[in-house]
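Novice: pasted the sequence and its predicted model underneath.
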Amino acid sequence: MRHDHIISAKQLSRGDIETVLDRAADIAADPGAFADRHSDTLLGLLFFEPSTRTKMSFTTAMKRLGGDIVDMGSVESSSVKKGESLADTVRVVEGYTDALVLRHPMEGSAKMASEFVDVPLVNAGDGAGQHPTQTLLDLYTIRENAGFDDLTIGIMGDLKYGRTVHSLAHALTTVDASQHFISPESLQLPRSVRYDLHEAGAGVREHTELDEILPELDVLYVTRIQAERFPDESEYREVAGQYQIDAATLEAAKDDLTVMHPLPRVDEIAHDVDETTHAQYFQQAHNGVPVRMALLDLMLGGGQ
Ligand code: NCD
């Protein structure tokens, strides 16, 4: 995987996924063994949109590998404010760093930016497009909790604008998961994602009610309604507050159902779910560190 840009989950084969997840498991088992692995490496962080987990876990991952980060900081304090183009920004910052992580509100921005640089570039979310490193940590969490064999997963919430969903749905076709998509009609999967899933041989089974499918699920992946991507606020208000779960909802589920969420949550998962054995979303967020360490290690040629 050396020097590959990571732009979309579509580029990850089952073999690539297993390689990253196995390396992440090795790291989680013995983090000290990887502590000085990339002590000369500087990772450039370019976040044009808010982030807590992705940015902080990439930072933690790079530091835990012995390296360091160089952070553009907020858009407000950067030359973007002066009208600098994304292409120019990445061409400059690649001269300071060994790899780049980019989050940007425009779909397709990571692909475009990657064409201007020679160092590896990782897409940390491009608008409503893709978020492949979230997918890797999601898959790690799924593999740990439910395994990939005979996996039945429900993905619920904002399937239209949720980039974590678009990436995850595609990656799940590599493990032949049975996927169920639960959302209001107005937030169903976009046509392009549907087409890709169809091309990959996956059936798209859609539901407007969770209870139609909940008892069959091994994993329920809940997502936030992406308020910031709605062109019209009244459209958002129509769907906000729908598709919430609480501990009572989960009484109809399998005892070993795993509940996941990329976070941040707003009100999709009531706090009483946190105390149940189903809740894995905080562990899922923690898994971002070993998984991003593994990805950086492999991208930067570790152990090869
Ligand atoms: C997600 C994102 O940014 O797409 N957050 C994350 O990276 N964990 C999900 C979201 O914002 O709802």
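Specialist: Here it is on my side, so go on.

Novice: state the distance from the residue lying farthest from the centre of the chain to F47.
Specialist: Most distant residue from the mean C-alpha position of the chain: K82, 30.5 Å away (CA atoms, centre = their mean). Distance, K82 to F47, by CB to CB, to the nearest Å: 18 Å. All C-beta spots, glycine's among them, are computed from the backbone N, C-alpha and C.

Novice: same check, this time on H286
Specialist: Separation of H286 from F47 (CB to CB): 20 Å.

Novice: more neighbours: the two, which one.
Specialist: F47 (20 against 16; other CB atoms under 10 Å).

Novice: just the pLDDT for A270.
Specialist: For A270, the model assigns a pLDDT of 98.

Novice: then the one 5 residues further on?
Specialist: The predicted local distance difference test score for E275 is 96.

Novice: pretty sure it is in a helix, no?
Specialist: No: with DSSP: H, G, I helix; E, B strand; the rest coil as the criterion, E275 is coil rather than part of a helix.

Novice: which SS state does the residue nearest the centre of the chain fall under?
Specialist: Closest to where the C-alpha atoms of the chain average out (CA atoms, centre = their mean) is Q134, at 1.9 Å. Put simply, Q134 is helix when judged by three-state DSSP.

Novice: doesn't A171 make contact with it?
Specialist: No: the criterion here is CB atoms under 8 Å, and Q134 misses it with A171 at 10.2 Å.

Novice: how close does D274 sit to V75?
Specialist: D274 is 33 Å from V75, by CB to CB.

Novice: ok, the residue nearest to the centre of the chain to D232 distance?
Specialist: To D232, Q134 is 27 Å away according to CB to CB.

Novice: and E115, how far is that from the ligand?
Specialist: Separation of E115 from the ligand (CB to the nearest ligand atom, to the nearest Å): 23 Å.

Novice: and that residue, how many neighbours?
Specialist: 10.

Novice: phi first, then psi, for it.
Specialist: In this entry, E115 is assigned phi and psi values of phi -80, psi -10 (degrees, to the nearest 10).

Novice: tell me the confidence at it?
Specialist: On pLDDT, E115 comes in at 96.

Novice: for burial, what's the neighbour tally of the nearest residue to H198 once chain neighbours are set aside?
Specialist: Leaving aside its chain neighbours, H198 sits nearest to V204 (7.1 Å; criterion: CB to CB, 6 or more residues apart in numbering). Using other CB under 10 Å, V204 has 16 other residues around it.

Novice: per-residue pLDDT, V204?
Specialist: Looking at V204, the pLDDT reads 87.

Novice: show me what the longest helix along the chain is packed against.
Specialist: As assigned by DSSP state H, the longest helix anywhere in the chain is helix 14-29. Under the contact criterion of 3 or more CB pairs under 8 Å, 6 or more residues apart in numbering; DSSP states H and E, helix 14-29 touches helix 132-145, helix 288-299.
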